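Visitor: whatever this is, show me its structure:
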Amino acid sequence: MSVLRPGAPPAVAPRSAPAGAVRAMLRSEARLLARNPGVVIWSTILPVAAAIVLACIPSIREPSKAFGGLSFFHVYQPILVLFALTLLAVQSLPDVLTRYREMGVLKRLRTTPASPALLLFAQLALTLIVSVGCTLLMTVVPALVGASWPGNVGGFALAYLLSAWALLGMGLLIGSLFRNAKVAAGFGTLLFFVLEFFAGLWVQRPNMPGWMRHISDFTPSGAGAQSLTDAAVGSWPTALHLAVLAGWGAAMSLAAVRLFSWE
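Guide: Numbering: from 1, shown residues only. Presented below is the predicted three-dimensional model:
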């Protein structure tokens, strides 16, 4: 048994420091988010309201031949979930990071023990918490007013988490690359419309031409929408779509950390 010298620090102290740094960073970023909730509110209120309104209309919940036997609600609930997640990922998240860079916050942070990975993790975690809360509202409230619960809750949760990893990783990469908040916002807006197109917001995936649906299968929004739809009707998401989401998440997150710039 080792003997601890008088005045020597406990052996576990070095291990507790990283956990303390994570908690401190999360508290700091949460306070800043609470002071400026406008972007988050704008990103979440529209899809949540749309999901609840659609669930209240009985005809929307009925199966339709136009959607391959699925109801309009089954098709659009995953799209609305991804709508909120994508807005938070490619507009709200990069906006915070690029404004920090413009204001010199990141430059000052560079002189502290904080690492790029720690800051990106804090932003990712907080945005994910907001997104999860939004998704719960879009799932629970419609079920209470007559819509169906996801038939495969485990598959729905897995598809959602992988979709969040892929899209939030993409948002982190945008925030790592751009120096100007307005340029990042413009790029994020363009990317948002592209992602939502492949998710089926305007042309639903069951109605897409075959070649377009195949392209959609390899985008994070298309793979996410199909995975959530499969789980909502009681099936497991396919291995292809889960692998696509995991691949996008790993690639985007790694690139965000590697390419992060303080100034």
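
Visitor: from here on, just use CA atoms for contacts and neighbour counts.
Guide: OK.

Visitor: my guess is residue 261 contacts residue 173. True?
Guide: No: using Cα atoms under 8 Å as the test, residue 261 is too far from residue 173 to be in contact (10.6 Å).

Visitor: which one of these two is surrounded by more residues?
Guide: Ranked by neighbour count (other Cα atoms under 10 Å), residue 261 and residue 173 place residue 173 first, with 25 against 16.

Visitor: for the stretch 1-150 of the chain, which residues score under the pLDDT cut-off?
Guide: The model of the stretch 1-150 of the chain has pLDDT under 70 over residues 1-18, 32, 34-39, 110-117.

Visitor: all helices for it, in order.
Guide: Along the stretch 1-150 of the chain, the segments classed as helices by DSSP state H, counting those that start in this stretch run 13-35, 38-55, 72-87, 93-103, 105-109, 116-144.

Visitor: ranking these by burial, who's on top?
Guide: Mean neighbours per residue, mean count of other Cα atoms under 10 Å, is largest over these for helix 72-87, with a mean of 25.

Visitor: so which elements touch that helix?
Guide: Contacts defined by 3 or more Cα pairs under 8 Å, 6 or more residues apart in numbering; DSSP states H and E place helix 72-87 against helix 38-55, helix 116-144, helix 153-177, helix 181-199, helix 220-232.

Visitor: between these, which one is nearest to residue 78?
Guide: Nearest to residue 78, of all the helices and strands packed on helix 72-87, is helix 220-232, at 5.5 Å by Cα to Cα.

Visitor: related to what we said a few turns ago, and the helices and strands packed on helix 72-87 as CSV, adding distance to residue 101?
Guide: Below are the helices and strands packed on helix 72-87 laid out as CSV (distance: least, Cα to Cα, whole Å):
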stretch, distance to residue 101
helix 38-55, 18
helix 116-144, 12
helix 153-177, 9
helix 181-199, 9
helix 220-232, 27
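
Visitor: so which of those helices is nearest residue 92?
Guide: Nearest to residue 92 among the helices and strands packed on helix 72-87 is helix 38-55; the distance by Cα to Cα comes to 6.0 Å.
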